[in-house]
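>>> fold the stuff below for me.
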Amino acid sequence: MLLSARGEMEALIDFSEDQHFDASPHTLCASVATQVRTLRHKMRIVRQNAVKGELLRSGISVALLGAPNAGKSSLLNRVVGREAAIVSREAGTTRDVVDVGVDLAGWFVRLGDMAGLRESSADTNGSNRHTEHENEPHPPAISDIELEGIRRARQRALESDLVILVLSLELPPTGPRIPTLTLPPEVVATAHHCLALHKPLLVALNKMDLLPAHLRPELLPDWIRQIEIALPGVSAGDVTPISCRGVDLGEEGDPGNLQRFLRSVVACFEGMTQAVTPDGEVLREASLWEEALGATERQRGLLDECVRFLDGFLGAVGGDGDADADGVGDADGEVDADVDIVVAAESLRAAAECLARITGRGEGGDVEEVLGVVFEKFCVGK
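Numbering: from 1, shown residues only. Down below sits the predicted model:
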């Protein structure tokens, strides 16, 4: 496609003033711009599939995000099948990120247990702030070490491929012993940031063993609705009620609903690593998928550079249409009347150079082939 577009632009440079040249410069540039928009869209899909292949080679990074004592460490231990993280009722037990590698249904996963996110009455200097009412209880002070752990936890969540938000039920200190759902603002804010970055997010609603079985049909739908309201973009299917204590929650042979939870995680992995075509459909040709798996970081960088040069061409001809960056573009995009066709053609030449460094098909993006296209399209029969 790029070869054809280059041939038309080179012909426009060399023969536009020839009396036998049928197409007007404006019409030809508009035609080439449509081709380039289509090519740019396909190349973005190629790069997207290359990133998916990297997940399979390097492993999927998963962050366990939540408040202290929500059950992140307990969930990690249950998933990996050993005591990989310290479990304690004391807040702030986990200070650094604990990364554990595990095979989940054939996917290599790096699970990250992190410090719980919480607020404190202590500022960054360690001094206590005073609330408006002196008799109100102060949140426990956070040490400098735990503050650094919280900072790293947020950073790890933002850099992960998948975020598992661990929320928990808590019993009130007084009154009826009916648990309530806690949605800590610090945790919700970080989850919002992850969703804004388009990261997949699943919710593990922990400590369901605190809720009597006869109350689950009544209270669980309300709690899931609260989560959906607090986290737009998260649906009921993304929430799994669990118990890290392995208490029977109604599904036979699945203590604590942990297998159900892992099935939802694996389903998310499948979506994250499944190749797509430019039409947005699942790619079924195994050979093309294998090509995407083999893409290296260097090749992905060259693809990005090639796309930037294609953007430069569309900017030069004034028919960018990049508002539809994830699609083919506006087929009716206007092309400037005063187009610097030499600059535009140079952008295509540079884009071809990037592809030549991947394919090894020669410097300058196969100049001889471009001349062949020019001769075939515009010279034969004239």
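>>> please make it C-alpha for all contacts and neighbour counts, starting now.
OK.
>>> strands along the stretch 101-250 of the chain, start to end?
107-113, 162-170, 180-181, 201-206, 239-241 (DSSP state E, counting those that start in this stretch).
>>> by mean pLDDT, show me the worst of those strands.
For those, the stretch scoring lowest in mean pLDDT is strand 107-113; its value is a mean of 90.
>>> mind giving me the domain split of this structure?
Following automatic domain parsing, the chain resolves into domains at 2-54+283-379, 60-273.
>>> reformat these as a markdown table; add mean neighbour count.
What follows is these, written out as a markdown table (neighbours: other C-alpha atoms under 10 Å):
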| stretch | mean neighbour count |
| --- | --- |
| domain 2-54+283-379 | 18 |
| domain 60-273 | 17 |
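>>> what separation do you get for residue 36 and residue 312?
11 Å (C-alpha to C-alpha, to the nearest Å).
>>> can you give me the offset of the lengthiest helix in the chain from its chain's centre?
Longest helix in the chain by number of residues, with DSSP state H as the criterion: helix 25-58. Distance, stretch centre to chain centre, for helix 25-58: 19 Å (C-alpha atoms, centre = their mean, to the nearest Å).
>>> and stretch 307-318, by the same measure?
Distance, centroid of stretch 307-318 to centroid of chain: 26 Å (C-alpha atoms, centre = their mean).
>>> my guess is residue 149 contacts residue 97. True?
Yes. Judged on C-alpha atoms under 8 Å, residue 149 makes contact with residue 97 at a distance of 7.5 Å.
>>> shared neighbours of those two, anything?
Both residue 149 and residue 97 are in contact with 114, 115, where contact means C-alpha atoms under 8 Å, 6 or more residues apart in numbering.
>>> reformat the strands of the stretch 101-250 of the chain as JSON lines; add distance to residue 275.
Shown next, in JSON lines, are the strands of the stretch 101-250 of the chain (distance: least, C-alpha to C-alpha, whole Å):
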{"stretch": "strand 107-113", "distance to residue 275": "15"}
{"stretch": "strand 162-170", "distance to residue 275": "17"}
{"stretch": "strand 180-181", "distance to residue 275": "38"}
{"stretch": "strand 201-206", "distance to residue 275": "20"}
{"stretch": "strand 239-241", "distance to residue 275": "25"}
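>>> nearest to residue 9, out of these?
strand 162-170 (44.3 Å; C-alpha to C-alpha).
>>> residues contacting that closest one, please?
For strand 162-170, contacts defined as C-alpha under 8 Å, 6+ apart pick out 60-67, 70-72, 157, 179-183, 191, 194, 199-208, 210.
>>> from those, which land in helices?
Per DSSP H, those map to helices at 72, 157, 191, 194.
>>> closest to residue 12 out of the residues you listed?
Closest to residue 12, out of all of the ones in helices among the contacts of strand 162-170 and judged by C-alpha to C-alpha, is residue 194, at 47.8 Å.
>>> for the residue lying closest to the closest one once chain neighbours are set aside, give me its contacts.
Residue nearest to residue 194 in three dimensions, not counting chain neighbours: residue 158, with 5.7 Å by C-alpha to C-alpha, 6 or more residues apart in numbering. By C-alpha under 8 Å, 6+ apart, the contact list for residue 158 reads 193, 194, 197.
>>> what is the nearest of those to residue 30?
So of these, ranked by how close each gets to residue 30 (C-alpha to C-alpha), first place is residue 197, at 34.5 Å.
>>> confidence score at the closest residue to that closest one other than its chain neighbours?
Excluding its sequence neighbours, the residue lying closest to residue 197 (C-alpha to C-alpha, 6+ apart) is residue 158, at 7.9 Å. Looking at residue 158, its pLDDT reads 95.
>>> repeat that for residue 285.
61.
>>> all the helices of the protein, in order from the start?
2-15, 25-58, 72-80, 144-159, 185-196, 216-230, 258-273, 286-293, 297-317, 341-359, 367-374.
>>> out of these, flag the one nearest residue 247.
helix 258-273 (10.1 Å).
>>> same for the closest one, what does it pack against?
helix 25-58 (3 or more C-alpha pairs under 8 Å, 6 or more residues apart in numbering; DSSP states H and E).
>>> surely residue 62 meets residue 109?
Yes. Residue 62 is within contact range of residue 109, at 6.9 Å (criterion: C-alpha under 8 Å).
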